[in-house]
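Trainee: mind folding the following:
(one chain, ligands or ions: 1)
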Amino acid sequence: MAISQDKYDKLDEVISANKGQSGAVMRTLQAAQDIFGHVPKDVQIRIAEGLGTTLSDVYGVATFYSQFALEPRGEYIIGVCLGTACYVKGSKNVLERVCKELDTKVGKTSKDGLFTIKDTRCLGACGLAPVMMINDDVYGRLTPDKIPDILAKYRQAQ
Ligand code: FES
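Mentor: Numbers count the residues shown, from 1 in each chain. A predicted model of the protein is given here:
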């Protein structure tokens, strides 16, 4: 999908405001993520050129911090906890079922653009292990068989 010129204009404003300041790459990437929803390569190139730095510098920051998405993200972010308590209670099988149902893998977005699966560590709800979050919703004591119904709820909400 083509990104509108309007968004690039906004990005150019942010670049101008940050050029020459310390922490410019980080702040500009954060703004770019707010504007575009993710930071694709052409946006990284524009930031590098605009700030007078290298693409590898921008790419390095974008890939170091997990807050930045290099590809479009789904409306729903799914995190199946792979922390120790969840892992020993079978969260790996839950994650595999999520991947199978969505026909995608960790770090990727389903073809319908609805769901992105994120690499996730302890969510602080170990007593409910194995745990999964979908945006702000927490699901505990999961089994792989519960996954299709849970995902269906979000698909039906469309
Ligand atoms: S290990 Fe999964 S919530 Fe803590």
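
Trainee: gap between residue 8 and the ligand?
Mentor: 40 Å (Cβ to the nearest ligand atom, to the nearest Å). For the C-beta atoms, the positions are set from N, CA and C on the backbone; glycine is no exception.

Trainee: wait, I meant residue 25
Mentor: 33 Å.

Trainee: so that residue touches residue 53, yeah?
Mentor: Yes. Residue 25 sits in contact with residue 53 when judged by Cβ atoms under 8 Å, with a separation of 6.4 Å.

Trainee: higher neighbour count, these two?
Mentor: When residue 25 and residue 53 are compared on other Cβ atoms under 10 Å, the one with more neighbours turns out to be residue 25, at 21 against 16.

Trainee: which helix or strand contains that one?
Mentor: Per DSSP states H and E, residue 25 falls inside helix 24-36.

Trainee: give the buried residues for that helix.
Mentor: 24-26, 28-33, 35-36 (16 or more other Cβ atoms under 10 Å).

Trainee: extract the CA atoms of it and return them as PDB.
Mentor: The C-alpha trace of helix 24-36 is given here as PDB (Å, rounded to 0.1, in the frame of the first residue of the first chain):
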ATOM      1  CA  ALA A  24      18.000  12.600  17.100                       C
ATOM      2  CA  VAL A  25      17.800   9.100  15.500                       C
ATOM      3  CA  MET A  26      15.900   7.600  18.400                       C
ATOM      4  CA  ARG A  27      13.400  10.400  18.700                       C
ATOM      5  CA  THR A  28      12.900  10.600  14.900                       C
ATOM      6  CA  LEU A  29      12.300   6.800  14.800                       C
ATOM      7  CA  GLN A  30       9.800   7.000  17.600                       C
ATOM      8  CA  ALA A  31       7.900   9.800  15.700                       C
ATOM      9  CA  ALA A  32       8.100   7.800  12.500                       C
ATOM     10  CA  GLN A  33       6.600   4.800  14.200                       C
ATOM     11  CA  ASP A  34       3.700   6.900  15.400                       C
ATOM     12  CA  ILE A  35       3.200   8.400  12.000                       C
ATOM     13  CA  PHE A  36       3.500   5.200   9.900                       C
END
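
Trainee: good, wrapping up.
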